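In: structure for the following, please:
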Amino acid sequence: MLTKKLEDQIKKENWWKKDERVLVAVSGGVDSVVLLHLLLELPSEVRPDIYVAHINHQLRAVSEEEEAFVLKLCRDNQVPVFTTKWTEGLTISSNVEQQARQFRYSFFDEVMKRQKITKLLTAHHEDDQVETMMMRLINGNRIKSITGMKEIREFGQGELIRPLLQIKKEELTLFATENNLFFYEDESNQSPDYLRNRLRHQLLPTIKKENPKFNEHMMRFREELEMSTSLIEEIVKLKYNNCVTFDTGEWQIDRQKFISCSQKEQYFILEYLMDSLKEKENIVIGFKQKEQLHANLLSEKPNQGYFLKKDWYVTRFYDDVTITKKKEEIEKEISFDIALNQGVFLSDTEWFGFFEVEKEEFPSTVKSWLKKEMLFSDRQQKRMIIRKKRPGDRLLLNKKGQTKKVSRYFIDEKIPTLERKKSWVVEDHENIVKWLVPFRESYLSIRDETDKIQYKLVYFYAKDE
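Out: Have a look, this model is predicted:
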């Protein structure tokens, strides 16, 4: 009996507690109508508190009838129901299915938040799963996605559960027939314009003539594939965490650690990175882009940069590879004009001061922070400017007057990109660079002449946790 089969699965998987609120997506078709009836027939110890959501897409002549039918079905069974209309569908001509799906799930999420519901139930079944796996295989999807739909996954602030994924379509149809259930048939399910329909009505029937147990074999294949990918992920995660770090919208890859991994490990580390990009910033990376990144990591060329996707940029300096959003470099315009014997907070964790020696005064807040300082002698200086690096900034290297661009200094010293971004340039009123904070002082030749004044530049910074 189908109800008993579902009951046993609910007890085994512990999908919800007795009387816990669930939202059931009911279109009016056979699958969702049967799901609702099965839930209503469950014994009280496993029956949830049922709510229903229905979307009138207004794309078919019977859309209004379907909505009225679902409303009556819920009213007859004393089930709260929430409905809405998709008006945009009347005005668009492309990507209709995708946009309709986005609207549906946005509405489900809205209802769940409003009604404090944490479980969404949909009526996807075993035949839907086989079709999904075949479609993804045909479209050349990644191995992980070929496992098809998950029985349970995160959705909004709760979970999406597909209770019928282990039940065949013919079982649902038989249940509807035996129980004289009324439902609507969506005629678009017969149209050969869609790949799923061509699979359902043309390809799969032919395959099942060759192998009547095709569904059963696909489900076993799916289980094996899911266990394999899960095991790979457990192993690769350790390697990934050793090679890749993520911090506030920026991924950093240690190239030396990456190339020390085997070719197979490298492949799956990049797969894991693709998952991270999609999860954290919704960046979808294709096969060619992944191959380009892989080639960049293996290349002997030390300095490279290119756009990975839209405004996301890959920068490589020697063995430091960074993926970050390419922004207007506003930080380069940050500048502080500091009067003698004064100081300023550069950020919440940085403070800088310019003083005559023995006239230093520091805020109590910074006294426990780490400190770097620079002493120099000069004729009267009234102000110092501390700012972000600009193109053409140069450090004075020695008394002969030799200089080096700050950008070249960073490269020669192999200073990581993140540290470069944090650095500051200190210059006097003649635009002479005194200090590249916190890395290198410019050479200052005269330190002990009597007509010179002794000055001190002080940089305080809080240690990263």
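
In: ranges for the helices of the stretch 51-200 of the chain?
Out: Counting by DSSP state H, counting those that start in this stretch, one finds helices in the stretch 51-200 of the chain at the ranges 63-76, 96-115, 126-138, 169-178, 195-198.

In: and among those helices, the most buried is which?
Out: Comparing the helices of the stretch 51-200 of the chain by mean neighbour count (mean count of other Cβ atoms under 10 Å), helix 126-138 ranks first with a mean of 19. Just so you know, the C-beta spots here come from the backbone N, C-alpha and C atoms, and that holds for glycine as well.

In: in the lowest-mean-pLDDT helix or strand in the chain, what's buried?
Out: When the helices and strands of the chain are scored by mean pLDDT, DSSP states H and E, strand 303-309 comes last with a mean of 77. Across strand 303-309, burial judged by 16 or more other Cβ atoms under 10 Å covers Leu308.

In: with stretch 401-418 instead?
Out: 403, 406, 409-410, 415-417.

In: CA atoms of that stretch as CSV?
Out: Taking Å, rounded to 0.1, in the frame of the first residue of the first chain, the C-alpha atoms of stretch 401-418 are listed here in CSV:
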residue,chain,number,x,y,z
GLY,A,401,70.3,58.2,-5.3
GLN,A,402,69.3,54.9,-6.8
THR,A,403,65.6,54.2,-6.6
LYS,A,404,63.1,51.4,-7.1
LYS,A,405,59.5,51.4,-8.0
VAL,A,406,57.3,50.3,-5.1
SER,A,407,55.5,47.9,-7.5
ARG,A,408,58.9,46.3,-8.4
TYR,A,409,59.8,46.0,-4.7
PHE,A,410,56.7,44.1,-4.1
ILE,A,411,57.5,41.6,-6.9
ASP,A,412,61.1,41.2,-6.0
GLU,A,413,60.3,40.6,-2.3
LYS,A,414,57.4,38.3,-3.3
ILE,A,415,55.0,40.1,-1.0
PRO,A,416,51.5,38.5,-1.2
THR,A,417,48.7,40.4,-2.9
LEU,A,418,46.7,40.8,0.3
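
In: domain-wise, how is this protein divided?
Out: Dividing the chain into domains by automatic domain parsing, as the record does, gives the ranges 2-210, 240-325, 330-461.

In: please convert these to a markdown table, extending it with distance to Leu225.
Out: Converted to a markdown table, the domains of the chain look like this (distance: least, Cβ to Cβ, whole Å):
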| stretch | distance to Leu225 |
| --- | --- |
| domain 2-210 | 5 |
| domain 240-325 | 14 |
| domain 330-461 | 38 |
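
In: hang on, Glu66 packs against Val26?
Out: No. If you go by Cβ atoms under 8 Å, Glu66 and Val26 don't touch, sitting 9.7 Å apart.

In: which residues do these two both contact?
Out: Overlap between the contact sets of Glu66 and Val26, as judged by Cβ atoms under 8 Å, 6 or more residues apart in numbering, is given by His54.

In: which strands and helices sit next to the lengthiest helix in the chain?
Out: Once the chain is assigned using DSSP state H, the helix that runs over the most residues is helix 214-243. Counting by 3 or more Cβ pairs under 8 Å, 6 or more residues apart in numbering; DSSP states H and E, the packing neighbours recorded for helix 214-243 are helix 126-138, helix 204-210, strand 250-254, helix 255-259, helix 263-281.

In: what's the average pLDDT for the second one?
Out: Throughout helix 204-210, pLDDT has a mean value of 95.

In: surely Leu204 and Phe214 touch.
Out: Yes. With contact defined as Cβ under 8 Å, Leu204 counts as touching Phe214 (7.4 Å).
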